[in-house]
Every structure is written in C-alpha cells, then in structure tokens.
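In: below are the sequence and a predicted model for it; my questions follow.
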Amino acid sequence: MATAYDIAIKQAKPAHDGRAPVIDVVNLRKSFGIHKVLDGINLSVNRGETLAVLGRSGTGKSVLLRLIIGLKTPDSGTICICGQNIAGLAIDRMGEIRKKMGFLFQHSALYDSLTVAENVVFPLEHHRRDMSRFERNDRVKQLLTEVGMEGILEKMPSDISGGMQKRVGLARALALEPEILLLDEPTAGLDPISSGEIDDLILKLQHERQMASIVVTHDLHSAKTIANRLALLDQGNVVIKGTFEDLQKSDIKFVKEFLKQS
Amino acid sequence: MSNRGVIAAEGLNPPITERCAETMPNVADTITKLVNGFFEWFGCLGIFIWKVLRAAVTPPYEWREIIRQLDEVGSKSFPLIALAGAAIGVVISMEARYSLTRFGARSMFPATLVYSVIQVMGPIMTGLIVSGRVGAGMGAELASMKVSEQIDAIEASAINPYRLLAATRILACILMLPLLTLAADASGLLTGWFAQTLVEPLSFHQFIESGFQGATFSSFLPQTFKTAVYGLIIGTIACFQGMRTRGGAEGVGRAATNSVVIASLFVILADVVLVKFILVVFP
C-alpha cells in the first residue's frame, strides 16, 4: 500500500552523476555442485538508485546478494563495488569494501545474546574507535529513532516482533553510513501493514541517504513501491530489466506469468 | 541340480558371485566416502587453523572479547573443576592409603598423592572436564550463530569472524587450562590431605613437606603446562565444529556432540604423546 510519501519519492529521479555504477556485476556465474544457480548475470546500480531483484524461490536471488557482499565467491565473472573488483580479495581488503555496504538479512540475523542497542553499536565499536562511548550511544539512539524503534534499547531480540527485528537490523546495517544497501527479503514473513511500514522506511532512508540499493524480494507490490528498476531472474539469468511499466509491457511468457501470479 | 542351482538358473535368486558384484560397489562406495570424509575433515581443519592464525596475529586485537572468553572458560569452569579435583583427591587418598598399607609403604602416602594428583589425574581430568563443559558450550553457541546467519552478519559488518569468535576462544582455552589445572591440583591435594587426616592425623605442613620432598620444578611444571595444548585442542575443535555447522537445530546438536567427542578423544591422544615427550625432554 503506497502512501503519498511513497508516490512523491517514486517520482524523484535517481541521482545519476555520470560516473561508473556503484555496483557493477558482469557475467556472474555460480554453481553448487551440478546445480547452476546464476548463469551469466549482468546488472548495475547507480548511486541513489534502487534495483529490485525478483524471481521464484530458489532462483539465486539471495545468492546474488551474498556474492556482492563477498560471503560467497563466484565461479566466474566480476563484481565491481565502487570501481573495485572484489573477486579474490583477501578477507581484510574485503573488509574495507564491506564497510561501504549495509546488509539486511532475511531473518534479520540479530546477535541474540546482545540487546538491541548492543546490536546496533556493534559495527561502530569495531570500526569507529575514534568515537567516544557517548558519541556511539548517541548514534545508536539516532539510528533507532530513524527506524522508529526508539525506547527499546535494552530489549533482547527475542523479545521483539519480526517487524521490529527487521527495523533493528536495518539500523545496524546503516550504522557505518554505507554507500550501498543490500536488502534480502525485507518484508518476508510480515503482515501487510508491517510490510508497508518497512517499505515506507526504506523509501525514506533512500531519499535521505541516496544509497545504491539492491532489494531481493518476491513481493511484487513491495518491489514496485520501493524500486526504480526491477530485474526478474529465472533459471540463473535476468529475463528482463526495467521499470515496472516495462515489465507490464513485456511479451515474455515468464514475465506475464510472474506478474499474473503476483 | 541342487535347489539353489534351480533358483539361480531361473533368475529368482542370482548366484553368489552376482550378488557379491552388486554389493561390492556399495561397500566400496561407503569406504571411499568414509576415507574422503576423513581427509576432507582434516583438510578443512587445516584451512580453518590457517585462517585463525592469520587473523590472530594481525590487528585489530579483540581484547574485550578475549577478556570475556577468559571469564567464560576460566571463572565459570572453576567451581566444577575444583569440585571434581576435590573428589579425585579423596578417591586417590583412600585408594592409596589402602594399597600402601598393604605393601607396608604408608610413609610414601604424601608423595603418592602429590604425584598422582599433579602429574596424572589433575591435567587429564581438567582437560576432559573442560572439553565437556566448554567444548559443548562453544560448539553449540557458534553452531547456533552459524545457522541463524549471525556469523555471516559479523562478516558482513566487515569484522573477521575468525579473529572475533575463534581466535579469542582458542586463546582463552590455552591460557585458562593450566590455571584450571592448578586449581584442580590444589583442590585435590587439600581434600586428599583432609581425608587422610580424618583417619590418621597429619599436619598440612608435614604433608606438603613430605609430598614435595626431592621434587623439582621440572617434576610438575611440564605436566601442568601441557594442558595449554589441551586448551588449544579443545578451543580449535569446538570453534571448527561450530563454525562449519549446517542443518538447523539438529546441526547445532550434532556440532555440540562432535565438539565434545572429538576434543576428548584428541585430548587423550595428546596426553599419550605429551607424557612420552615430557619423559624424554625432562627425564
């Protein structure tokens, strides 16, 4: 359910600054055993742009995100983040690239032995040692306020709902002020109202921070709401890339079927 | 033609050679899988150790996590170790008194107790108890973090999980095992002396003086500090099993069990090797 805010934001053009894309994936391949998951994927995302990656379950959408953040290594192809190819980078060099990225996991992946505040401060404690404890705490409060989760600082992740966990996960992903935001099924398992709230939140953050984002989802409504462009995956390939209107106009049978069933 | 021959001829029950030919590939497959699994496990362990070593020697160092793990491994294992050491002290005291009395060597009691506790029982008992308590705990904790993507989240936050999770835990085990062994030894000697005193009064001063008579540092220190190797084994196996877990709750359970079983087995094997090594190096 798109709010007026969504519509206003959607109409704003992504900030193409004429430079190389922030994320550039070329001919990416990944197999698990004999099962080809990604078979020559090409896509790019510019600063301020949100790309939604859609597709049936098991088509390698989450694998694509994990390859981009370096949690998995590709069989072949290149992934350039801010102009740097990350394939084969050593773990510490990869760490420097990862500081530019925020990742929201499908099941939030909050540290269950830490409180909400400790979860959000975790990346700051490790990478912003120049900040004092008070500054870090202020930053945590500010981030949690930004995602609408003020007042739950001392709660444990198990004591909050799935939607709240997603918001806290989002606050953690934003802690290092990333240039890139990767969202793995941000609305999966949430009721329509919570999904709408998460979509609004993502849109708001995108508008304010102008990050390059990739959202993996199979929720077409959510994709339509938050993304500038959509890419539909099937059998390891991008079947179509473009705006939602481009998808609607497409004559490809799979695209029609996907839109009809969604 | 015999009955078996008729059945074989009619194709109802193939002759034994054919049946063997059918079963043999299965047996061969199973053996191949087992051998492959064995070498794969050691290969993965080698890669894991290399990654942990590389992470451990490069900054930034995770001091806070090391202190937390020292507390987790040391302070929280202390009561159990002290209690087990106390029980062992009493048992050795009772057994030794009975045996030494039979052989007319009661005066040897303090030395027997001291050497039994410090050289034999204290180190191996500490190793096995810690591999049970800490090995299972670490294995399950890391496995649970692995299956709930928390380890991936750490990595995605540009933090090296081998440094934060594995190196700190392994280091804590290495540092704490000798200290826990000292605690077990002290507790065992104290209760052993106490059990003896109940039967036949003996001052603690006399007991210690007589027990450590002629002993040198090399009589006890290598035996105590060899437990650092047990710590290395326990920490490494528990972290390795935990961080390679797959398969939800069942995987977590399997990781915890495997951590304890494999670590205990390796501790016992290491004890055999280290005892021989110490006897050769410190004759």
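Out: Structure's in. What do you need? What you see is a predicted model, and the numbers here were worked out from it, not measured in a lab.

In: the stretch 1-150 of chain A: strands as residue ranges?
Out: All strands of the stretch 1-150 of chain A, identified by DSSP state E, counting those that start in this stretch, fall at A:23-32, A:35-45, A:50-55, A:76-81, A:84-85, A:101-104.

In: show me what the fourth one is packed up against.
Out: With contacts defined as 3 or more Cβ pairs under 8 Å, 6 or more residues apart in numbering or on different chains; DSSP states H and E, strand A:76-81 has these neighbours: strand A:23-32, helix A:61-68. For the C-beta atoms, the positions are set from N, CA and C on the backbone; glycine is no exception.

In: residues from the stretch 101-250 of chain B in reach of chain A?
Out: By Cβ under 8 Å from any Cβ of the partner chain, the residues of the stretch 101-250 of chain B that approach chain A are B:144-145, B:148-150, B:152-153, B:155-160, B:162.

In: surely B:Ile237 meets B:Ser259?
Out: Yes: with contact defined as Cβ atoms under 8 Å, B:Ile237 and B:Ser259 form a contacting pair (5.8 Å).

In: which residues do the two both contact?
Out: B:Gly135 (Cβ atoms under 8 Å, 6 or more residues apart in numbering or on different chains).

In: and the helices in the chain?
Out: Since you didn't name a chain, this refers to chain A. Applying DSSP state H to chain A gives helices spanning A:4-11, A:61-68, A:91-98, A:116-127, A:133-146, A:162-174, A:192-209, A:220-226, A:244-249, A:253-261.

In: not quite, I wanted chain B
Out: Going by DSSP H, chain B shows helices at B:3-9, B:16-57, B:63-70, B:78-102, B:109-115, B:122-130, B:136-147, B:150-156, B:161, B:168-199, B:204-211, B:217-225, B:227-243, B:248-281.

In: got those helices as JSON lines, with mean pLDDT and mean neighbour count columns?
Out: Listed next are the helices of chain B as JSON lines, based on pLDDT from 0 to 100; neighbours: other Cβ atoms under 10 Å in any protein chain shown:
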{"stretch": "helix B:3-9", "mean pLDDT": "50", "mean neighbour count": "12"}
{"stretch": "helix B:16-57", "mean pLDDT": "84", "mean neighbour count": "12"}
{"stretch": "helix B:63-70", "mean pLDDT": "93", "mean neighbour count": "15"}
{"stretch": "helix B:78-102", "mean pLDDT": "91", "mean neighbour count": "18"}
{"stretch": "helix B:109-115", "mean pLDDT": "88", "mean neighbour count": "22"}
{"stretch": "helix B:122-130", "mean pLDDT": "94", "mean neighbour count": "25"}
{"stretch": "helix B:136-147", "mean pLDDT": "94", "mean neighbour count": "24"}
{"stretch": "helix B:150-156", "mean pLDDT": "93", "mean neighbour count": "23"}
{"stretch": "helix B:161", "mean pLDDT": "93", "mean neighbour count": "24"}
{"stretch": "helix B:168-199", "mean pLDDT": "93", "mean neighbour count": "23"}
{"stretch": "helix B:204-211", "mean pLDDT": "86", "mean neighbour count": "14"}
{"stretch": "helix B:217-225", "mean pLDDT": "85", "mean neighbour count": "16"}
{"stretch": "helix B:227-243", "mean pLDDT": "95", "mean neighbour count": "26"}
{"stretch": "helix B:248-281", "mean pLDDT": "92", "mean neighbour count": "17"}
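
In: ok, back up a step: need the helices and strands packed on strand A:76-81 in CSV with mean neighbour count and distance to chain B, can you?
Out: What follows is these, written out as CSV (neighbours: other Cβ atoms under 10 Å in any protein chain shown; distance: least, Cβ to the nearest Cβ, whole Å):
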stretch, mean neighbour count, distance to chain B
strand A:23-32, 18, 13
helix A:61-68, 23, 8
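
In: any chance of JSON lines for these, columns mean pLDDT and distance to A:Phe254?
Out: Output for the helices and strands packed on strand A:76-81, formatted as JSON lines (pLDDT from 0 to 100; distance: least, Cβ to Cβ, whole Å):
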{"stretch": "strand A:23-32", "mean pLDDT": "91", "distance to A:Phe254": "20"}
{"stretch": "helix A:61-68", "mean pLDDT": "92", "distance to A:Phe254": "15"}
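
In: in TSV, list the ones you listed along with distance to A:Ser44.
Out: Shown next, in TSV, are those (distance: least, Cβ to Cβ, whole Å):
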stretch	distance to A:Ser44
strand A:23-32	5
helix A:61-68	12
